[in-house]
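What shape does this take:
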Amino acid sequence: MTHMTDRNRSQEKMAVAKIRFLVCGFLAIFISSGLCENTLFVLNAPKSVQFDSNAGPINVDEIQDVLTLSLGLSPSKDVKWSGLLAGNLFKRPKSSVLINIESNEGSALNPKHLASFPIAKEAIGFVETNYLMSSISTSFPTQEPILIDAAIDGQLFSLGSQYPNVFGNTPDSLDALLHSLVHGENSIIHNYEALSLNISKSSHLQFFSELQMLQNALEALTKNKAVVDDNVPDSMSFTLYGLRAIQLQHGPKSTEAKEASAVLESFLSQLSSGFMKLYDNNAVVMAVTTQRLPHFEHRMGRSILATDENPTKDSLNVFQRSEEFSAIFNIILWLSVILVLVVYATAYGMWYMDPGDTIIYRMTSQRIKMD
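Okay, the predicted model is just below:
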């Protein structure tokens, strides 16, 4: 009897332990999903740069410093995140490549990666690389590293003006890019199957155009490999807005959004492999998913690919004048003209005034005679 009682008690303890484990696991998943909507993906990295997969969430403002440390440079501040492990100090990566991906909240983008880390929700947004690029320029003042910060929407078209010897043949306008998308041998559209996506729609065109420009940039660097075969680290930062544009137009759970996510995941895998091959398997390639927040909207520029079918005065970037502007302008203008003429006439008359015609001169003359 006593044996049965002890057995029942042990079973009850095991059941309670299982329940506690499940509750704790559920709470952990709930908390992590509530605090960490965005993700940092380490798509590729050399063996000299190791990451701790159990490091936990990272603040978005620490990602730039993590990249800076991985290149063997001093960070802008102390990094509290412990995910970057100590590597080989004498063999640093030749380049860092960062891709910011704006997506709708709750979208499940999961490209092929070496490691992934959630981003703390209280500090999300686009990853800045200004300090990283400034640090490279300061550390190598006599060299010319490749430093690209195409973080503003549409800035990918300016690569040719920044590095004409490397990106001079890349499309510099939407018309040139459209021809490359439709008739080019290496067109993104021909490489990926997406039956529901059509470049006749502005959001679809923006999505494919951004991917095409990234592919063109990689191909241009590959053809001019001599510019990266040096002892100076490079840094490249790109931001993709096309996925969220599709999600906003069709919904995050739509067929178009799912196909766009699948195309982007496959493209990121190929792009990462291309950069690794370019830098002889010695580059750090990362991708960050993020959602737009009101206090980060100043980072957004108007897309050169997006056009309004029926533009209005409010949608155009023009100065809006008040209805009373014309009247106020004419009043100020003609009042100023009249005042100038009055002052000029008064000064002219006083200058050529006859002393005998005014009481001022007569009074002054008499006082002098009396003295």
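
Run through the helices of the protein in chain order.
Using DSSP state H, the helices of the chain run over 2-35, 60-70, 130-139, 159-162, 164-167, 174-183, 188-191, 202-223, 242-250, 255-278, 325-351, 359-370.

so how far is the third one from its chain's centroid?
Computed by Cα atoms, centre = their mean, to the nearest Å, the separation of helix 130-139 from the middle of its chain amounts to 18 Å.

Give the buried residues for it.
Tyr131, Leu132, Met133, Ser135, Ile136 (16 or more other Cβ atoms under 10 Å). C-beta: built from backbone N, CA, C; applies to glycine.

could the residues you listed go into a markdown table alongside distance to Val49 and pLDDT?
Conversion of those to a markdown table gives the following (distance: Cβ to Cβ, whole Å; pLDDT from 0 to 100):
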| residue | distance to Val49 | pLDDT |
| --- | --- | --- |
| Tyr131 | 19 | 92 |
| Leu132 | 15 | 92 |
| Met133 | 19 | 92 |
| Ser135 | 17 | 92 |
| Ile136 | 17 | 93 |
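
before we move on, back to that, among the helices of the chain, single out whichever gets nearest to Asn44.
helix 255-278 (4.6 Å; Cβ to Cβ).

Does anything pack onto the closest one? Which helices or strands?
Packing partners of helix 255-278 (3 or more Cβ pairs under 8 Å, 6 or more residues apart in numbering; DSSP states H and E): strand 38-44, strand 95-102, helix 202-223, helix 242-250, strand 283-290.

Spatially, which two of the buried residues of helix 130-139 are the most separated?
Farthest pair in these, by Cβ to Cβ: Tyr131 and Ile136, 9.8 Å.

anything in contact with each of those two?
When Cβ atoms under 8 Å, 6 or more residues apart in numbering defines a contact, no residue borders Tyr131 and Ile136 alike.

for the helices of the chain, which one sits closest to Thr289?
Using Cβ to Cβ, the nearest of those to Thr289 is helix 242-250, at 9.1 Å.

pLDDT weak spots in the stretch 1-150 of the chain?
Counting by pLDDT under 70, the stretch 1-150 of the chain contains low-confidence ranges at 1-37, 105-107, 122-124.

re the thing from before, out of the buried residues of helix 130-139, who's nearest Ile101?
Leu132 (18.7 Å).

Of all the helices and strands packed on helix 255-278, which one is nearest Lys121?
Among those, strand 38-44 sits nearest to Lys121 (Cβ to Cβ), with 7.7 Å.

could the buried residues of helix 130-139 go into a markdown table alongside distance to Gly168?
Putting those into a markdown table (distance: Cβ to Cβ, whole Å) gives the following:
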| residue | distance to Gly168 |
| --- | --- |
| Tyr131 | 29 |
| Leu132 | 26 |
| Met133 | 22 |
| Ser135 | 28 |
| Ile136 | 23 |
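
What is the nearest of those to Leu159?
Distances from Leu159 to the buried residues of helix 130-139, taken by Cβ to Cβ, are shortest for Met133, at 14.9 Å.

Tell me the spacing between the closest one and Leu205.
30 Å (Cβ to Cβ, to the nearest Å).

pLDDT wise, what is Thr239 at?
Per-residue pLDDT puts Thr239 at 89.

Show me what stretch 125-144 is in contact with.
With Cβ under 8 Å, 6+ apart, stretch 125-144 has contacts from 60-61, 63-65, 67-68, 71, 73-74, 76, 96, 98, 100, 102, 145, 147, 149, 151, 230-235, 237, 239, 288, 290, 293, 295-296, 299.

Now, of these, which are buried?
60, 63-65, 67-68, 71, 73, 76, 96, 98, 100, 102, 145, 147, 149, 151, 232-235, 237, 239, 288, 290, 299.

Wait, Ser74 touches Asp65, no?
No: Ser74 is not in contact with Asp65 according to Cβ atoms under 8 Å; the separation is 9.2 Å.

With distance to Ser48 as extra columns, can I get the helices of the chain in TSV?
Below are the helices of the chain laid out as TSV (distance: least, Cβ to Cβ, whole Å):
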stretch	distance to Ser48
helix 2-35	30
helix 60-70	9
helix 130-139	18
helix 159-162	29
helix 164-167	26
helix 174-183	37
helix 188-191	32
helix 202-223	22
helix 242-250	32
helix 255-278	13
helix 325-351	64
helix 359-370	94
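
Nearest to Gln50, out of the ones you listed?
helix 60-70 (9.9 Å).

Pull the distance from the closest one to the chain's centre.
Per Cα atoms, centre = their mean, the centroid offset for helix 60-70 relative to its chain is 15 Å.

and the angle from it to strand 283-290?
180 degrees (axes from the mean of the first three to the mean of the last three Cα atoms, to 10 degrees).

Measure how helix 60-70 sits relative to strand 95-102, angle-wise.
160 degrees.

Send over helix 60-70 as CSV, restricted to the C-alpha atoms.
Output in CSV follows, covering the C-alpha atoms of helix 60-70 (Å, rounded to 0.1, in the frame of the first residue of the first chain):
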residue,chain,number,x,y,z
VAL,A,60,19.5,47.2,-33.8
ASP,A,61,21.9,50.0,-32.9
GLU,A,62,24.5,47.3,-32.0
ILE,A,63,24.5,45.6,-35.4
GLN,A,64,26.8,48.3,-37.0
ASP,A,65,29.3,47.9,-34.1
VAL,A,66,29.2,44.1,-34.5
LEU,A,67,30.1,44.5,-38.2
THR,A,68,32.8,46.9,-37.2
LEU,A,69,34.3,44.5,-34.7
SER,A,70,34.1,41.7,-37.2
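
Which strands or helices does that helix pack on?
strand 95-102, helix 130-139, strand 283-290.

Gln215 is nearest to which of those?
It is, among these and with distance given as Cβ to Cβ, strand 95-102, at 12.6 Å.

Nearest approach to Tyr192 belongs to which of the helices and strands packed on helix 255-278?
helix 202-223 (8.6 Å).
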